[in-house]
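1. Structure for the following, please:
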Amino acid sequence: MSDTLADIRKNILAALLPNVAFDGWTNKTLARAAVDAGYDAVTAKRAFPRGPSQALDYFSKDTDRRMVEALEAKDLPSMRIRERVTCAVRTRLDLLAPHKEAVRRAVAFEALPGNAPGALKSVYRTVDAMWHAAGDTATDWNFYTKRALLAGVYTSTVLIWLGDQSEDCTETWAFLDRRIEDVMRIEKAKAKLRGLGGKWTPRPGFSFRTRRAG
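-> Okay, here's the model as predicted:
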């Protein structure tokens, strides 16, 4: 029985990740991975018509899927919201740890002109999955601000993680905790501003007219 397209993509990705750490996300590396997985270059083109950018997107989606599965196995409801979000970021980076050099190459690839839209889409999908796993049910403008804030936290944490030489990535996790704390301060400030949304009553004698100098 021939492999399904899903099987082909999975097998090529598994062969691709060790090589891309050295040779980058290129068409040549993708074709070589297909051969290593027992296929040919034509099959690689059929699996990933858009080349390495599509293979990288597939890798990101697969990591998101595994992250959600791992989070579903944790007792997130018993955690505070900041703990859930922190857990989501740490879980994803733990899943990426065996492929750290491939991730480093991915960051460089996504920084190339023309690849930014795909990178932004990938990050948005990741942080959206994190917030959903954390139990976020926002449907108003908070939906977007939460994702924008977490995107900044996640991407900056990835950069720290890539250069972290500390034992058990203690520097990365300390940085993540600080960034999450910053986000929570912003959320508290937003909540306070919403609480001030009632009618404002001016002091007796107050006037909007500016006094004339002299």
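2. what does the domain assignment say about the protein?
-> Domain segmentation of the chain under automatic domain parsing yields 1-49, 51-193.
3. any chance of the ones you listed in a markdown table, with mean pLDDT and mean neighbour count too?
-> From N, CA and C alone the C-beta is placed, and that goes for glycine too. Output for the domains of the chain, formatted as a markdown table (pLDDT from 0 to 100; neighbours: other CB atoms under 10 Å):
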| stretch | mean pLDDT | mean neighbour count |
| --- | --- | --- |
| domain 1-49 | 93 | 17 |
| domain 51-193 | 93 | 16 |
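4. roughly how far apart are the closest residue to T29 other than its chain neighbours and F48?
-> Sequence neighbours aside, D23 is the residue nearest to T29 in space, at 4.6 Å (criterion: CB to CB, 6 or more residues apart in numbering). Distance, D23 to F48, by CB to CB, to the nearest Å: 16 Å.
5. swap in A21?
-> Per CB to CB, A21 is found 18 Å from F48.
6. cool, M130 as well?
-> Plainly put, M130 is 26 Å away from F48 if you go by CB to CB.
7. go on, W131?
-> From W131 across to F48, the span is 29 Å (CB to CB).
8. Likewise for I81?
-> In terms of CB to CB, I81 sits 37 Å off from F48.
9. Over to R9?
-> For R9, the distance to F48 equals 7 Å [CB to CB].
10. now F175
-> F175 is 34 Å from F48, where distance means CB to CB.
11. where exactly do the helices run in this structure?
-> 5-23, 27-36, 41-47, 52-72, 81-96, 100-110, 116-133, 142-163, 170-195 (DSSP state H).
12. Tell me what angle the fifth one forms with helix 100-110.
-> So that's helix 81-96. Counting by axes from the mean of the first three to the mean of the last three CA atoms, to 10 degrees, helix 81-96 lies at 100 degrees to helix 100-110.
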